[in-house]
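K.L.:
predicted coordinates and the sequence they were generated for:
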Amino acid sequence: MSLGQRVSTDHQLARLLQIGVVLEELVEARAERHLEELDPSKRAALDDEVEELLAEAAVESAEHRDRVAALLDELDAETTRFEQIEALVEEHYSAPGNTDGVLYDQLFSEETAYKFYDDLIAAIEDSDTEFSVDREEVLATLREIRAEEEKGVEDVAAIMEARE
Amino acid sequence: MNSADQYLKAIYLAQRLEDGPAATGTLADMLDVSPASVNEMVGKLESRGLVEHEKYAGATLTDDGIVRAEDTLQTYCIIERFLYNVLEVEDFRGEARALESVIDDTVAERLDTIIDRREECPDCFDAEADCCEFLEVEQQAD
């Protein structure tokens, strides 16, 4: 944490929260896309556990996005439209190819979100800026989301281990 | 990215701009820090084998330093492109500089999945314009 690794303005905080929303939208869109990519025969062969994991990940990310968007609303900042990110994912998507690839991608998504919230929380904690939103409320929300991302990483890792 | 990486990126770009070693004053201006801070960090980077420093001339990246600086510049380019193309931020350069220390490589890698970046990145980074030479930036009306 150095050389300006702090959040020093409302504007910077809002921008970082917007990035958080996009990361959640990426998780949601990619998880949904992975499920769609599998044709019915492959999908039938997909472990129920993996299918459930992807469906739950999409739902959880949508919920995280709404919570972060509520903070952005308090900061009078806008969020990206999910459709915009969904379209960009569609445009650049290349299917992982098999279930292990899907799981790896999901693990990377969860780890990335965890790392993002962890860094953001540290940067807010290091800052003595008075934001126009309640700092403790922001931190509490981000800590809860971080804990759920951590759980998400553990869930994917457990399924990957069980498949080895 | 951490502050060491930010210094390595600045040295890389200063070397390109000055076509030679990166002078302490140039680095201080680029990073908005004091010359004393620059000298201290350059000393640390030299001890890690990432930079060679010649008194009165300036800092030059070693091969290892170049590899790390290029990775860092790629991350920076992803942040700039993401801000401009996805979030439509007009001052994407200023905001990328402000946010680069909080955005981790893994996060940038994820954002990279929805932007268009050239294969030759970061060779196509224009040090003077402070953005990729292929990034189509709309000129703002006065």
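P.N.:
Received the coordinates, thanks. Residues are numbered from 1 along each chain as shown, chains lettered A, B, ... in the order given.
K.L.:
tell me where the chain has helices.
P.N.:
Just going to use chain A. Residue ranges of the helices in chain A, as given by DSSP state H, are A:10-37, A:40-45, A:48-74, A:82-92, A:99-126, A:135-163.
K.L.:
was after chain B, sorry
P.N.:
When secondary structure is read from DSSP H, chain B shows helices at B:3-18, B:24-31, B:35-47, B:63-81, B:92-99, B:105-111.
K.L.:
ok, which of these comes nearest chain A?
P.N.:
helix B:3-18 (3.6 Å; C-beta to the nearest C-beta). Quick note: C-beta positions are derived from backbone N, CA and C, even for glycine.
K.L.:
before we move on, back to that, among the helices of chain A, which is nearest B:E136?
P.N.:
When these are ranked by distance to B:E136, counting by C-beta to C-beta, first place goes to helix A:82-92 at 16.6 Å.
K.L.:
what does chain A have sitting close to chain B?
P.N.:
The interface of chain A toward chain B, taken as C-beta under 8 Å from any C-beta of the partner chain, is made up of A:2-5, A:7, A:12, A:15-16, A:18-19, A:22-23, A:26, A:30, A:80, A:84-85, A:88-89, A:91-92, A:108-109, A:111-112, A:115-116, A:119-120, A:123.
K.L.:
how far away is the residue minimising distance to the centre of chain A from B:T75?
P.N.:
Averaging the C-alpha coordinates of chain A gives a centre point, and the residue nearest to it by C-alpha atoms, centre = their mean is A:E24 (3.2 Å). Distance, A:E24 to B:T75, by C-beta to C-beta, to the nearest Å: 21 Å.
K.L.:
wait, isn't A:E25 in contact with A:F82?
P.N.:
Yes. Between A:E25 and A:F82 there is a contact under C-beta atoms under 8 Å: 5.3 Å.
K.L.:
more neighbours: which of those two?
P.N.:
Taking A:E25 and A:F82 together and counting by other C-beta atoms under 10 Å in any protein chain shown, A:E25 has the greater number of neighbours (25 against 17).
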